[in-house]
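Trainee: Model the structure of this input:
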Amino acid sequence: MTEDAFDLVLKVFGLDKHFKTGPCKVKEGPQDCPVTINPQKYLPASIRTMLQCEMTDNCFGLDCCIDLTFQLPLGDEDVTFHIPFWFKFKPCDFEVDARFGGFTYHKYILDYNWVHFFQKKYFDILDCETAMPADIIFVLDESGNVNQDVFTVSLEAISEATGKLAIGENLIHVGMSMFGGTGTSRTSFDLDTSFERKTVLQSIRETSFNKKENTDIGDALRYVCENMFVSSKGDRGDVKNYVVLMTDGQSNRGSTQTGVNTCRNNGVTIIAVGIGDGISRTELLSVVQDPNHFINTTYENLHSSLEEIIIQSIKCSADVSSFISGWLKQAGMEVLDGVKEGGKQLILKRLGLEDFFSEPKCDKERKPFTPNVGGWNNECPLGILDKPELPDKMACHFKDTCTGIECCIEIPFLDVTLHPFFIIDPCEYTLNYGVNTINETIQLINYEWGKTEKINLAGGVLQLQ
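Mentor: Presented below is the predicted three-dimensional model:
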C-alpha cells in the first residue's frame, strides 16, 4: 500500500481530521511561566518520546502533539503522522479552548451553568433515614472456608459501608471483632478506639486474618454483647446498639440461641449477612428479630448488599431537619416554630456546628443580594448566566468583575445562614471558595480539573460539594 492510498483510507473512515501527515511541530513555549508542566514524566518510557508539549504563551495551558511512525500494510514503506491536541485557558477573555485531533471544544465561561454548584442539595447527608447516634460492631467470620482473599473482600466491603456512616463523637461509633470456634473470638478495635472516619477505616483495612477451623456463631454473639458493648470500651447506654454478623458458614459448635439471647437481653439489634450457599438460613433467621435484617449474598456482591442492608436497617443519616426533629423528640423536647437561643446553641453543639455558624449571619434582603430577579443579583456586564429561579430562602450575587458568585441561604428553624462563595483571581491564578468560617484557596495553574471539592462538617456527616 502506498502513502497516497493510505491517505484515501483515512478519508473514507473520516480519520483524516485526526491524523495529520508529517511529524509534530510544536511552537516553543515561554520560559518564564510560574509553573512548568511536564506531561512526559507521567507516561511509560516506551511512548515518552512520541509526545511533545509546550506551555501556551499565557502560561495557562498546554499545546501538545503525538508522533506516530509505522509501516504501511502490505508494504515496507514507513510513514509518519501526528495528532495535535491542546488545552488553553484565556482568563482575560473568560474562554476555554480544547482540542484532540479533529475534536474541538470551545466554551465561554460566563455562559457555563455555574449555579449547579449551589443548587438543590447544599449538603450531601449520606444515605439513610435519620442521623441518630448508634454503636455498631461488625462481627466477621474467619473460620471454615474463609481464606485471606475473601477475608480481604469482607474488610473492603465493611470499610466501604462504614464510609457511608455518620461517624462522630456524638453520632455513630464503630467497633469490630472476628470469630471461629468456641472461645476464639477476638477484638480488632473497640467502639471508643476513634471517632474519626479516616482512623476507623484504616483500622478496618489493617485487621489481620487468623484462620480458625470450627464455627460457633452463638459464642461470637455472646462475646461481643458481653465484652464489647460495655461502657469501659465505649458503649453508650443511651444510644441504639447494633451487631452486623457476617458469615459464609454455619455453626458446628455451641448453642446459637444462647448468644442471641445474651444480645437481646442487652437490647442489641442483630443484622445477619450470610455469604454464599454454605450458610444455614434457618440459623441466621433465628438470629434476627426482623426478617428484613437478614440477607443472603455472595462475595462478588458483598460491597453493594452490605451497604444496602445497613442503610435499610440502621438510622445513620438524613436531612438536617429530620436529624434535628428526631434528636429533639429523643431528648423529650417539642419541635416548636422557634427554638430558644439556648436550645439552638445546644443543637448546633450536638451537631458539631457551633464554630461553623459562629460568624454574623448574611442577609439576603440586603446588598449585595438585592435588588434581584428570581433570587439573582447579576452585576456582571459581560454575560448573563443561564440562571434557574432560586428557592425563597436563597439569594445569590454575580459580582461586577464577573469572576465570582456568593450566596446567602437561610435555615429558619435554627435562625442561621449559609454563606457559600467562590472567586477566581486571574492575576494570581487562584480560586478562592468556602462557606461561613471555612475558606479554601487552590492554585489553578496545576489544578486537577474535574475534581469534586468537598467541605466536611460535623466530622464528615455533612458535606458541601
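
Trainee: ok, now how distant is the spatially closest residue to H18 that is not a sequence neighbour from F179?
Mentor: Sequence neighbours aside, G101 is the residue nearest to H18 in space, at 3.0 Å (criterion: CB to CB, 6 or more residues apart in numbering). Backbone N, C-alpha and C define where each C-beta goes, glycine included. In this view, G101 and F179 are 58 Å apart by CB to CB, to the nearest Å.

Trainee: Pick out whichever of those two has more residues nearby.
Mentor: More crowded of G101 and F179, by other CB atoms under 10 Å: F179, with 27 against 16.

Trainee: show me the contacts for that one.
Mentor: For F179, the contact set (CB atoms under 8 Å, 6 or more residues apart in numbering) comprises 139-143, 185-186, 212, 215-217, 219-220, 223.

Trainee: From those, list just the buried residues.
Mentor: 139-143, 185, 212, 215-217, 219-220, 223 (16 or more other CB atoms under 10 Å).

Trainee: Can you classify C64 by secondary structure?
Mentor: Three-state call for C64 (DSSP: H, G, I helix; E, B strand; the rest coil): strand.

Trainee: That one touches V26, doesn't it?
Mentor: Yes: C64 lies in contact with V26 (CB atoms under 8 Å); the separation is 6.9 Å.

Trainee: Pull up the overlap in contacts between those two.
Mentor: Common neighbours of C64 and V26, counting by CB under 8 Å, 6+ apart, are Q52, C53, E54.

Trainee: and the nearest residue to the last one once chain neighbours are set aside, what is it in contact with?
Mentor: Think E54. Once flanking residues are discounted, E54 sits nearest to G29: 3.5 Å by CB to CB, 6+ apart. With contacts defined as CB under 8 Å, 6+ apart, G29 is in contact with E54, M55, T56, D57, D63.

Trainee: Write the PyMOL selection for whichever of those are buried.
Mentor: Buried members of these, defined by 16+ other CB under 10 Å, are picked up in PyMOL with:
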select buried, resi 54+55+56+63
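
Trainee: Turn the contacts of G29 into CSV, including secondary structure and distance to T199.
Mentor: Formatted as CSV, these follow (DSSP: H, G, I helix; E, B strand; the rest coil; distance: CB to CB, whole Å):
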residue, secondary structure, distance to T199
E54, strand, 45
M55, strand, 41
T56, coil, 43
D57, coil, 47
D63, strand, 45
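
Trainee: just the contacts of G29 now: which is nearest G375?
Mentor: Distance to G375 across these (CB to CB) is lowest for T56, with 37.6 Å.

Trainee: Just list the residues touching the residue nearest to H18, thanks.
Mentor: Neighbouring residues of G101 by CB under 8 Å, 6+ apart: K17, H18, F19, I83, P84, F85.

Trainee: Which among those count as buried?
Mentor: Here, 16+ other CB under 10 Å leaves F19, I83, P84, F85 buried among the contacts of G101.

Trainee: Domains in this structure, by residue range?
Mentor: What automatic domain parsing lists as the domains of the chain is 3-112, 118-124+354-464, 134-313.

Trainee: Put together CSV for these, with distance to L348 and mean pLDDT on each row.
Mentor: Below are the domains of the chain laid out as CSV (distance: least, CB to CB, whole Å; pLDDT from 0 to 100):
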stretch, distance to L348, mean pLDDT
domain 3-112, 35, 73
domain 118-124+354-464, 5, 76
domain 134-313, 12, 93
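
Trainee: which of those is buried the deepest?
Mentor: Comparing the domains of the chain by mean neighbour count (mean count of other CB atoms under 10 Å), domain 134-313 comes out on top with a mean of 19.

Trainee: and the end-to-end length of it?
Mentor: 12 Å (CA to CA, to the nearest Å).

Trainee: How far off centre is that domain?
Mentor: Domain 134-313 has its C-alpha centroid displaced from the chain centroid by 24 Å (CA atoms, centre = their mean, to the nearest Å).

Trainee: in the stretch 251-400 of the chain, which spans are helices?
Mentor: With helices called from DSSP state H, counting those that start in this stretch, the stretch 251-400 of the chain shows them at 256-265, 281-287, 302-313, 320-330, 341-351.

Trainee: Lovely, talk soon.
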